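Engineer: Fold the following.
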Amino acid sequence: MKTLNENQYHLIKPYLPVQRGNVKISNLDIINAVLYTAENGCKWRSLPEKFGHWHTIYTRLKRWAERGVLERLCIGLQKEKLIKISVTCLGLDSASIKVHPDAAGALKKTDPNLPAHHEADSPQKFIWFRQMIALD
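Structural biologist: Numbers count the residues shown, from 1 in each chain. Here you go, the predicted structure:
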């Protein structure tokens, strides 16, 4: 299993936000949990307890993805030659995506009060890693 140690963490620390307040799980543990999930292809709920509570890790990772920290982190990991990745697009936690009843073959109901783009207003149900390329 690929995990980062303290020396490797100090190389990528500039790519991460500063931890403030009473934080129970360090950024290093978050990164190692993400690497474990990506390597083993497991669900967030299946993370071992040594990383901390899965929901805390998922919530921080989601915030990092929304703020662009995750993309900077992946670029930093590759620049420092700590990992080699050749993934172009990866969706995590996609098991919670709901399908519209029309897609499952249900009878269509017409509701004149629905807005035109009601699906676009719903919250995002997955996280995209957009830019992960292998470095030689």
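
Engineer: C-alpha from now on. contacts and neighbour counts both.
Structural biologist: Noted.

Engineer: Point out where the chain drops to low pLDDT.
Structural biologist: Applying pLDDT under 70 to the chain flags residues 1, 85-136.

Engineer: where along it do the strands fall?
Structural biologist: Taking DSSP state E as the criterion, the chain carries its strands at 90-92, 127-129.

Engineer: which residue packs closest to Asn52, ignoring adjacent ones?
Structural biologist: Actually, residue 52 is Gly. It isn't Asn. Excluding its sequence neighbours, the residue lying closest to Gly52 (CA to CA, 6 or more residues apart in numbering) is Ile25, at 6.6 Å.

Engineer: thought that neighbour was touching Trp54?
Structural biologist: No - Ile25 lies out of contact with Trp54 (CA atoms under 8 Å); the separation is 10.6 Å.

Engineer: Quickly list what's touching both of the two.
Structural biologist: Both Ile25 and Trp54 lack any common contacting residue under the criterion CA atoms under 8 Å, 6 or more residues apart in numbering.
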